[in-house]
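K.L.:
here is a sequence together with a model predicted from it:
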Amino acid sequence: MKYILMLASDEAGKDESAEAVAMAGCGGWTEEMEGRGVLQASIGLRPADDATTVRVRDGEVLLTDGPFAETKDQIGGVSLIECADLAEAAEVAAKHPWAAFGQIEVRPVWEP
Amino acid sequence: MTAEVEAAVATAFREEWGRIVATLIRITGDWDLAEECAQDAFTLAVPRWERDGIPRRPGAWLTTVARNRATDLLRREAVGAAKLREAAMLASDPDPGGPADDSARDSGVRDDRLRLMFTCCHPALAFESQVALTLRTLAGLTTAEIARAFLVPEPTMSRRLVRAKQKIRNAGIPYRVPPAHLLPERTTAVLGVVYLLFNEGYSASAGADLTRRNLSAEAIRLGRTLAELMPDEPEALGLLALMLLHDARRATRADEAGDLVTLEDQDRTRWDAGEIAEGTQLVERALRRGNAGPYQIQAAIAACHTEARDAADTDWPQIAALYGHLAKLVPSAVVELNRAVAVAMAEGPAAGLPLVEALETALPGYYLLPATRADLLRRLGRTGDAATAYREALALAPTESEIRYLRKRLDAIS
C-alpha cells in the first residue's frame, strides 16, 4: 500500500532541528528506507509564511497570503512510501527523526 | 551641488523613481537589487550631471545607468547568468515597459504609475505588505516614513518589508501587470497607497516642511485618475473627495513663519473654494450609492468642516456621529481619538477627557494623544496637568512646526 507521510511541526517554535534534519538527509532515514525499497519520493517545503492560498468563489479566483489553516503546526515536508500495511508505515514514520520533535501524519493514498 | 542639478535630480526622483525600480524588477526579478541599483544611479547622477550637463531625458539616463549597474552586479555571481541573458535581451528593447508594450491595453490602466501600483499590490502578499512595499518601491518613501504611517516602530516595518520581498522571491510571485478583470481585488490596496502618499505630503512625518506639496499633488492626480477609471467604486470617489477637502485648507495650515495653525484658527476665507465645491459634490455623489466606506465617511467629516463658517458654527454632534460610524468600520485608536475631540467640542472638554485617557495604552508614542489631552485639560482650567501633557507631547512631536506650536501653547499657560 502507498502512504503519504506529512511531516508537521510548530514553525513558531523555530526549532532549527527541522532544518538540521533536512540538511542531514534525515539522519540516515532516507538511505535506509530507499535501501528497503520503501521510500519512493520525498520533498521538503519552505515555511508556511511563503504559502499562498487559492480559492475560486462565484467564478472568481481569490488569492490570500499564508496557509489555508492558521494552525500551530504546519506541514514542512512530505514523503511517499510503499509498505505492506499501516503497521509498517507507522514503524517507518517513527524512525524518521522528525517524529521526535514534530509529528507525522500517515495517510493512505487513494488507489481505486 | 548647483541648484539647477539639485532641482533636476529632485524632479527626476519624484517622476522617475518608481518607473526605474519597476523596470529593474522586471529585468532582474530581484527587488533589493532593483532598489539598490536605482539608488546608485541617482547618486551617480549628481557629479555626472554637474560635469556633463543635465541629460535631455533624465529618466532614460538614470534607467540606463541603473541597468548597467545591475548587469555589473549580476555578472559577478554565477546565479546571475540567466537574469543577465534576460537583461541583455531587454536592453535591446527600445522602451521596455513603456507605451510600446501591451500592459496598458490589457489592464485598461493608461497611467503608467498607477499601473505599476496595481502591479505591486499582489494579493498573495498580506494587505499591509502590499501597501508598504508599494510606498517603498514605487513612491520612494523611506521605511521610517512608512512606519509612522502605519503607527508601528521602524524595525517592525523594516522586518515586514524584508519579509514581503522574501515571499516574492521564495513563492515566485511575478512582477506582471494584472489584466483588467483582476484590478478590483487590488483596488483597496491601491487606494490605501494613494491615501498614505497624500497624508505623507500633507503632514510630512519628519523634517522642517509641514507640507510636501508634490507628494499631495501627485496623490490627488492619481486619485483623479482612479476615480475616472472606476466611476462605480464609491470609495475611489470618496478618497478623491477626502484629499480635495483637506488640500483646500493647505494654504492656511501654517502661518508665515511656517508654524502650525489649527483648524479653529485658520482663515476660512483663504480656503480653496474650487476644491471644496468639487470635493463636496464628489462625496455627495458617492454617498448616494448607499455603500459608505471609510474614505467616504472621512470625506463627509471633512465636508462638515469646510461647510462651517467658523469653528463654533461646526456641526460637532454630526462629526462625532460620523467618527462613531467610522470606528465601527475600521476599529482604530486614532479614529477613537478624533471622536473624543468631536465629543469634547459638542458636549464640552469634560465629556471628551475620559475618552482620550482611555486610549493611553493603545497609542504609545503618538504625540497627538498627549497634545489633545493637554488641550482639554487647559480648557478645563487644570493648567498644571495641561503643562505636563504639553511637555509629553513636545518630546514626541515629529516636525519643527508642531514643536513650535506646542511650545507656544505651553508658554501661554506657564
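P.N.:
Thanks, I have the structure now.

K.L.:
hey, let's count contacts and neighbours off CA atoms from now on
P.N.:
Fine.

K.L.:
closest residue of chain A to chain B?
P.N.:
The nearest approach of chain A to chain B comes at A:Asp65, 4.6 Å away (C-alpha to the nearest C-alpha).

K.L.:
tell me the bridge partners for that residue.
P.N.:
A:Thr52 (DSSP bridges).

K.L.:
quick check: the gap between it and B:Glu128.
P.N.:
Distance of A:Asp65 to B:Glu128, computed by C-alpha to C-alpha, to the nearest Å: 11 Å.

K.L.:
where's the residue most central in space within chain B relative to B:Cys121, distance?
P.N.:
Nearest to the mean C-alpha position of chain B, by C-alpha atoms, centre = their mean, lies B:Leu197 at 1.9 Å. Using C-alpha to C-alpha, one obtains 15 Å as the distance from B:Leu197 to B:Cys121.

K.L.:
also B:Thr188?
P.N.:
From B:Thr188 over to B:Cys121 (counting by C-alpha to C-alpha), the distance is 9 Å.

K.L.:
who's more crowded, these two?
P.N.:
Using other C-alpha atoms under 10 Å in any protein chain shown, the more surrounded residue of B:Thr188 and B:Cys121 is B:Cys121, with 28 against 15.

K.L.:
and the pLDDT for the more buried one?
P.N.:
Here the pLDDT value assigned to B:Cys121 is 94.

K.L.:
next one: B:Leu182
P.N.:
At B:Leu182, pLDDT is 86.

K.L.:
kindly report the same for the one 3 residues further on.
P.N.:
According to the predicted model, the pLDDT of B:Glu185 comes to 88.

K.L.:
just B:Ala387 next, same as before
P.N.:
The model's pLDDT for B:Ala387 equals 96.

K.L.:
assign the closest residue to it other than its chain neighbours to helix, strand or coil.
P.N.:
Nearest residue to B:Ala387 in three dimensions, chain neighbours excluded: B:Leu410, at 5.9 Å (C-alpha to C-alpha, 6 or more residues apart in numbering or on different chains). Put simply, B:Leu410 is helix when judged by DSSP: H, G, I helix; E, B strand; the rest coil.

K.L.:
number of residues surrounding B:Leu410?
P.N.:
B:Leu410: 21 neighbours (other C-alpha under 10 Å).

K.L.:
state the distance from it to B:Asp272.
P.N.:
31 Å.

K.L.:
which residues in the stretch 251-400 of chain B form helices?
P.N.:
B:273-287, B:294-307, B:316-329, B:333-347, B:349-357, B:368-379, B:383-396, B:400-413 (DSSP state H, counting those that start in this stretch).

K.L.:
starting at the chain centroid, how far to the last one?
P.N.:
This means helix B:400-413. 26 Å (C-alpha atoms, centre = their mean, to the nearest Å).

K.L.:
low pLDDT regions in the chain?
P.N.:
Here I'm looking at chain A. For chain A, the stretches with pLDDT under 70 are A:13-25.

K.L.:
actually, chain B is the one I wanted.
P.N.:
Using pLDDT under 70, chain B drops low at B:1, B:78-102, B:204-211.

K.L.:
and the strands in it?
P.N.:
Counting by DSSP state E, chain B has no strands to list.

K.L.:
for it, give the helix that spans the most residues.
P.N.:
helix B:3-28 (DSSP state H).

K.L.:
and that helix, what does it pack onto?
P.N.:
Under the contact criterion of 3 or more C-alpha pairs under 8 Å, 6 or more residues apart in numbering or on different chains; DSSP states H and E, helix B:3-28 touches helix B:31-52, helix B:58-75, helix B:80-91, helix B:112-120, helix B:127-137.

K.L.:
quick one, it and helix B:127-137 angle?
P.N.:
130 degrees (axes from the mean of the first three to the mean of the last three C-alpha atoms, to 10 degrees).

K.L.:
figure out how far helix B:3-28 is from the centre of its chain.
P.N.:
With C-alpha atoms, centre = their mean, you get 18 Å for helix B:3-28.

K.L.:
buried residues in it?
P.N.:
B:5, B:8-9, B:12-28 (16 or more other C-alpha atoms under 10 Å in any protein chain shown).

K.L.:
cool, stretch B:133-144 as well?
P.N.:
B:Leu133, B:Thr134, B:Leu135, B:Arg136, B:Thr137, B:Leu138, B:Ala139, B:Gly140, B:Leu141, B:Thr143, B:Ala144.

K.L.:
compute the first-to-last residue distance for that stretch.
P.N.:
13 Å.

K.L.:
leaving out chain neighbours, which residue sits closest to whichever residue of chain B sits closest to chain A?
P.N.:
In chain B, the residue that lies nearest chain A is B:Ala124 (4.6 Å; C-alpha to the nearest C-alpha). In space, and not counting its chain neighbours, B:Ala124 is closest to A:Asp65: 4.6 Å by C-alpha to C-alpha, 6+ apart.

K.L.:
next, the buried residues of the longest helix along chain A.
P.N.:
Criterion DSSP H: the longest helix present in chain A is helix A:86-95. Buried residues in helix A:86-95, counted by 16+ other C-alpha under 10 Å: A:Ala89, A:Ala90, A:Val92, A:Ala93, A:Lys95.

K.L.:
got the residues you listed as CSV, with distance to chain B columns?
P.N.:
Shown next, in CSV, are the buried residues of helix A:86-95 (distance: C-alpha to the nearest C-alpha, whole Å):
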residue, distance to chain B
A:Ala89, 32
A:Ala90, 32
A:Val92, 31
A:Ala93, 28
A:Lys95, 30
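
K.L.:
make TSV out of those residues and add distance to A:Ala69.
P.N.:
Converted to TSV, the buried residues of helix A:86-95 look like this (distance: C-alpha to C-alpha, whole Å):
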residue	distance to A:Ala69
A:Ala89	26
A:Ala90	25
A:Val92	27
A:Ala93	24
A:Lys95	27
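
K.L.:
which positions in chain A make contact with chain B?
P.N.:
With the criterion set to C-alpha under 8 Å from any C-alpha of the partner chain, chain A comes near chain B through A:Arg46, A:Asp49, A:Asp50, A:Ala51, A:Thr52, A:Thr53, A:Leu63, A:Thr64, A:Asp65, A:Gly66.

K.L.:
could you redo the last one with a cut-off of 10 Å?
P.N.:
Counting by C-alpha under 10 Å from any C-alpha of the partner chain, the residues of chain A lying close to chain B are A:46-47, A:49-54, A:60-66.
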